[in-house]
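Chemist: okay, structure incoming, though there's no sequence with it:
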């Protein structure tokens, strides 16, 4: 992957905003460079630390299953006999093939135990990499000479069986996943991530689910081969299109027992397959999408911020003019400038989100098209003896990918059947990702267009027909994407979301029931008021506000989709986090440094919470919790460091910020009224 290149953008922002003195600016630039040097590394190495091991964990059992298939039947068939007769393999071929399977199973076991944290990374990784490389090398060592032997005169009238091609598929998969794990080991050795796999439950069980599915597939194939009198690999072909609900139908059970066993066998396989698809969604469509979105947001941030500082920019309708010099020239206040920066960052985020959705759709559609077109080429060539045209191969591949399975044409060659099994198993994650991305883009677009047409025709809307047409023509393409978060457009979906979600005081939990800690701080506040201690009164009131907002953020965290806040709400919360003008019992020096740090911060900096990988609720919950911890430590007389005292710092990897807009002392009534 390429480096997103954030360093220059952050340096340009620091110069343009000119928030600090020259010495402070140099330090800020240095810190920003350090942060941005780490940011792309995290996004880049996430694939090596998470995606590669899970890919190996998924395809490792599949390759071992193919290896078993290559051992189950001789690699040659004599076509001069009716139906074809198996030609026994040399003993050395069987022995080498079996040894390759042993090494592969050892590598699979080591990876599984490492993911389950039963053995250490340093021990498991060499076993995994060396085991799969040896398995691949052994299979290749017999595949190549065996292929040469097939061209000798005594082998005239003979052809490869399905087992030979299964061995070729296994060798290729072993080599690829071993190379991926080599990259994973290198990244851990260089210290880019921990040597312990930090995987979710569904991710950790993905390998186990794949193993269960492969055992279920091969076990059912063995039963049907015995019951129906089929070759084992023909039974594998049947079991594959049965469990994937394709239903090609050229091989079907004819006995009463075989048809009766289909009832439980098909249901069990579909359940296991559903679990695997769920785990794939967790990996690719949630975690992977988030990481990819972070990188894309960073790139969009760099591009738009640079354009915003350019007088020749054609993007002034998307990103407002930024920079302290422009703000002073146009007579804008510091608060107004911060608001414009907030709007700009919301636009950056929404533009990146729109780009990400459509780019994800394009990538998944490209993968699906490749599966379709390349798969059709293989089927076309494998069935050349039956004189398939490429269009017929396209037709068969298309009906198979969509699990339609008419069964009017189907492969009968050894390569066609074995490739069908391998190809159809790859189609499962491909079609899953494509359908999900279609739901996020095309289906949502069609829904929005349907609602729009309904509003301008027969369904009542908030705006008149003329207003809707004007809005359609007056809104630029970028503006149409971004109107949700500017906070400047009336009737935007952002405002509708805010209205639907409600004010923090109208959260789902009953607000008349206060938590125990909130009640305790209220009591302390009242007692301080009664004895005339204004400083203590304001401190306890500040604690009460923090407890109250933490509770609300916990309630918001359970909502889906995650709540987004407008500028006034952010202004309130950031001021609350920073504790502006609050009584400080440990001295005034920290307050001065804290106020200076607040003034130095900008919404368009890289540490802006709108650019982080966390949702707004998660970020605020972490920042409010840390502020509360800081206050309680100070109240107990514990020495508090500067980073804990409200200055912009790290909150679980994100920056803790202060806006300087809302104080505590002398503002109790205002704070009670605001969210």
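Modeler: It's in. Everything numeric here is computed off the predicted structure, so don't read it as measured data.

Chemist: in a strand, residue 405, correct?
Modeler: No: counting by DSSP: H, G, I helix; E, B strand; the rest coil, residue 405 is not found in a strand; it is coil.

Chemist: that one and residue 576: what is the separation?
Modeler: Per Cβ to Cβ, to the nearest Å, residue 405 is found 60 Å from residue 576. For the C-beta atoms, the positions are set from N, CA and C on the backbone; glycine is no exception.

Chemist: more crowded one of those two?
Modeler: The neighbour count for residue 405 versus residue 576, taken as other Cβ atoms under 10 Å, is higher for residue 576 (29 against 17).

Chemist: quick one: buried residues of the helix or strand hosting the more buried one?
Modeler: Using DSSP states H and E, residue 576 sits in helix 567-578. By 16 or more other Cβ atoms under 10 Å, the buried positions in helix 567-578 come out as 567, 569, 570, 571, 572, 573, 574, 575, 576, 577, 578.

Chemist: what do you get for stretch 430-442?
Modeler: Buried residues in stretch 430-442 (16+ other Cβ under 10 Å): 430, 431, 432, 433, 434, 436, 437, 440, 441.

Chemist: of those, which one scores lowest on pLDDT?
Modeler: Least confident entry in these, by pLDDT: residue 440, with 67.

Chemist: now do the lengthiest helix in the chain: which elements does it pack against?
Modeler: Determined from DSSP state H, the single longest helix within the chain is helix 334-382. Where contact means 3 or more Cβ pairs under 8 Å, 6 or more residues apart in numbering; DSSP states H and E, helix 334-382 is packed against helix 288-308, helix 324-329, helix 390-401, helix 414-440, helix 477-482, helix 567-578.

Chemist: which of those helices has the lowest mean pLDDT?
Modeler: Of all those, helix 477-482 carries the lowest average pLDDT, namely a mean of 42.

Chemist: phi, psi of residue 89?
Modeler: Here is the backbone geometry of residue 89 (degrees, to the nearest 10): phi -90, psi 150.

Chemist: three-state assignment of the nearest residue to it once chain neighbours are set aside?
Modeler: Counting by Cβ to Cβ, 6 or more residues apart in numbering, residue 74 is the residue found nearest to residue 89 once chain neighbours are left out, at 4.9 Å. Under three-state DSSP, the three-state class of residue 74 is coil.

Chemist: in contact with the residue nearest to residue 133 when sequence neighbours are not counted: list those residues for me.
Modeler: Counting by Cβ to Cβ, 6+ apart, residue 178 is the residue found nearest to residue 133 once chain neighbours are left out, at 4.8 Å. With contact set as Cβ atoms under 8 Å, 6 or more residues apart in numbering, residue 178 has these partners: 56, 107, 128, 129, 131, 132, 133, 136.

Chemist: which one among those gets closest to residue 522?
Modeler: Nearest to residue 522 among these is residue 56, at 55.7 Å by Cβ to Cβ.

Chemist: residues touching that closest one, list them.
Modeler: Residue 56 is in contact with 111, 128, 177, 178, 180, 181, counting by Cβ under 8 Å, 6+ apart.

Chemist: from these, pick the one nearest residue 381.
Modeler: For those, the nearest to residue 381 is residue 177 (26.4 Å; Cβ to Cβ).

Chemist: which element, helix or strand, includes the closest one?
Modeler: Assessed by DSSP H and E, residue 177 sits inside helix 162-189.

Chemist: angle of that helix against helix 414-440?
Modeler: 50 degrees (axes from the mean of the first three to the mean of the last three Cα atoms, to 10 degrees).

Chemist: what residues sit buried inside helix 162-189?
Modeler: In helix 162-189, counting by 16+ other Cβ under 10 Å, buried: 162-182, 184-185, 187-188.

Chemist: let's see the pLDDT reported for the closest residue to residue 56 other than its chain neighbours.
Modeler: Using Cβ to Cβ, 6+ apart and skipping the chain neighbours, the partner closest in space to residue 56 is residue 177 (4.1 Å). Per-residue pLDDT puts residue 177 at 96.

Chemist: ok, residue 177 to residue 371 distance?
Modeler: 19 Å.

Chemist: ditto for residue 603
Modeler: 43 Å.

Chemist: neighbour-wise, which of those two wins?
Modeler: Using other Cβ under 10 Å, the more surrounded residue of residue 603 and residue 371 is residue 603, with 25 against 20.

Chemist: what residues are up against the more buried one?
Modeler: By Cβ under 8 Å, 6+ apart, the residues touching residue 603 are 338, 341, 342, 344, 345, 610.

Chemist: among those, which pair sits farthest apart?
Modeler: Longest distance between any two of those is 12.5 Å, between 338 and 610; criterion Cβ to Cβ.

Chemist: the residue nearest to residue 89: how many residues sit nearby?
Modeler: For residue 74, using other Cβ under 10 Å, the count is 16.

Chemist: cool, and the one 5 residues further on?
Modeler: Using other Cβ under 10 Å, residue 79 has 11 other residues around it.

Chemist: would you map the strands across the protein?
Modeler: Assigned by DSSP state E, the chain shows strands spanning 76-78, 85-87, 158-160, 649-651, 654-656.

Chemist: return the member of those having the minimum mean pLDDT.
Modeler: strand 654-656 (a mean of 39).

Chemist: where in the stretch 401-550 of the chain is pLDDT low?
Modeler: 440, 444, 452, 455-515 (pLDDT under 70).

Chemist: helices along that one, start to end?
Modeler: With DSSP state H, counting those that start in this stretch applied, the stretch 401-550 of the chain shows helices at 414-440, 442-456, 465-474, 477-482, 493-501, 516-530, 534-557, listed in chain order.

Chemist: with distance to residue 361 as added columns, please give those in CSV.
Modeler: Below are the helices of the stretch 401-550 of the chain laid out as CSV (distance: least, Cβ to Cβ, whole Å):
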stretch, distance to residue 361
helix 414-440, 4
helix 442-456, 7
helix 465-474, 23
helix 477-482, 15
helix 493-501, 20
helix 516-530, 46
helix 534-557, 29
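
Chemist: the domain parsing of the protein - what is it?
Modeler: 45-199, 444-498, 503-673 (automatic domain parsing).

Chemist: how many residues are close by residue 193?
Modeler: 18.

Chemist: so what's it up against?
Modeler: 45, 46, 48, 49, 187.

Chemist: try residue 116
Modeler: Contacts of residue 116 by Cβ under 8 Å, 6+ apart are residue 204.

Chemist: distance check, it against residue 275.
Modeler: Per Cβ to Cβ, residue 116 is found 17 Å from residue 275.

Chemist: measure residue 88 to residue 446 for me?
Modeler: Plainly put, residue 88 is 59 Å away from residue 446 if you go by Cβ to Cβ.

Chemist: what do you get for residue 413?
Modeler: When residue 413 is compared with residue 446 (using Cβ to Cβ), they lie 42 Å apart.

Chemist: my read: residue 424 touches residue 239, true?
Modeler: No: contact criterion Cβ atoms under 8 Å: residue 424 and residue 239 do not qualify, at 11.3 Å.

Chemist: how many residues are close by residue 88?
Modeler: 10.

Chemist: which phi and psi does it have?
Modeler: phi -60, psi 140.

Chemist: neighbours around residue 156, how many?
Modeler: Neighbours of residue 156 under the rule other Cβ under 10 Å: 9.

Chemist: same check, this time on residue 354
Modeler: 17.

Chemist: repeat that for residue 267.
Modeler: If we define neighbours as other Cβ under 10 Å, then residue 267 has 9 of them.

Chemist: what does the model give residue 109 for pLDDT?
Modeler: 93.

Chemist: I meant to write residue 5 there.
Modeler: We have a pLDDT of 32 for residue 5.

Chemist: residue 275 and residue 210, how far apart?
Modeler: 10 Å.

Chemist: now stretch 623-638: buried residues?
Modeler: Buried-residue list, stretch 623-638, by 16+ other Cβ under 10 Å: 623, 624, 625, 626, 627, 628, 630, 631, 634.
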